[in-house]
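Peer 1: let's see this in three dimensions:
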Amino acid sequence: MTTPRTTIVGAKIRGLRESKNLSIEEIAEHSGLSAEQILSIENDQNLPSLGPLIKIARALGVRLGTFMDDNDALGPVVTRAADRERDSSISFSNGATDARKHMEYHPLAQQKAGRHMEPFIIDINPEDTPDFQLSAHEGEEFIYVMSGEVEIVYGKEKYLLTEGDSIFYDSIVKHHVHGAPSKSAKILAVVYIPF
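Peer 2: Alright, predicted model coming up:
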């Protein structure tokens, strides 16, 4: 039986913070997040969207992928479909104000050491009335809709994407990705984070 990734992510953040002799308050100060939010992430009570995790990674001086790494392969990494479906995924609340789990991330390169891109297959669960907060972070994102309908809020604009559509944008602009109202979706997402 595999360990849920949410447990791995919270434990890795705590372990990295403690190994660097940093308090939760120091990480909060450097990341711009609240101490309560960091504590809830470390205790697996809430795994937010990627934005806050990227801010914590920056505060710790590590790549985002460090929170999800299983191994440190230097060569190519192949992720078989059967392995991706069998392995535990990472469920994020996607910035929802009530921390519901709307997105399930399936990492595609977690064994690759030193990467700057984070590729995922993401299952987006349907919502009648999406309730979310926009977030921003350094880097770029590419999204390809494999099935369903996706709504992307980017700055003051809103984009509706359907199967076969894609979007590439700078992550520094406040944004949010979610299913169109009452629609589920599956997307391929690649997040580039400069380090």
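Peer 1: tell me the contacts of the residue nearest the centre of the chain?
Peer 2: The centroid of the chain falls nearest to residue 50 when counting by Cα atoms, centre = their mean (3.4 Å). Residue 50 makes contact with 64, 92, 135, 137, 191, according to Cβ atoms under 8 Å, 6 or more residues apart in numbering. Glycine gets a C-beta too; all of them are placed from N, C-alpha and C.
Peer 1: tell me how far the first one lies from residue 13.
Peer 2: For residue 64, the distance to residue 13 (Cβ to Cβ, to the nearest Å) stands at 11 Å.
Peer 1: cool, the third one as well?
Peer 2: Here residue 135 is placed at a distance of 17 Å from residue 13 (Cβ to Cβ).
Peer 1: thought residue 135 was touching residue 51?
Peer 2: Yes: under the criterion of Cβ atoms under 8 Å, residue 135 makes contact with residue 51 at 3.1 Å.
Peer 1: quick one: low-confidence ranges for the protein?
Peer 2: Residues of the chain that meet the criterion pLDDT under 70 lie in 1-7, 47-49, 68-75, 83-101, 113, 129-130, 195.
Peer 1: the longest helix in it is where?
Peer 2: In the chain, taking DSSP state H as the definition, the longest helix is helix 5-19.
Peer 1: mind listing the strands for the chain?
Peer 2: For the chain, applying DSSP state E gives strands covering 90-92, 103-107, 117-124, 140-154, 157-162, 166-170, 175-179, 185-192.
Peer 1: for residue 57, which of the ones you listed is the nearest?
Peer 2: Judged by Cβ to Cβ, the one of the strands of the chain that comes nearest to residue 57 is strand 117-124, at 10.5 Å.
Peer 1: run the angle between that closest one and strand 103-107 for me.
Peer 2: Interaxial angle of strand 117-124 relative to strand 103-107 (axes from the mean of the first three to the mean of the last three Cα atoms, to 10 degrees): 140 degrees.
Peer 1: identify the residues contacting the residue located most distally from the centre of the chain.
Peer 2: Residue farthest from the centre of the chain, counting by Cα atoms, centre = their mean, is residue 21 at 25.3 Å. Residue 21 makes no contacts at all, as judged by Cβ under 8 Å, 6+ apart.
Peer 1: hang on, the earlier thing: from the strands of the chain, which stretch is densest packed?
Peer 2: Among the strands of the chain, ranked by average contacts under mean count of other Cβ atoms under 10 Å, first place goes to strand 175-179 (a mean of 23).
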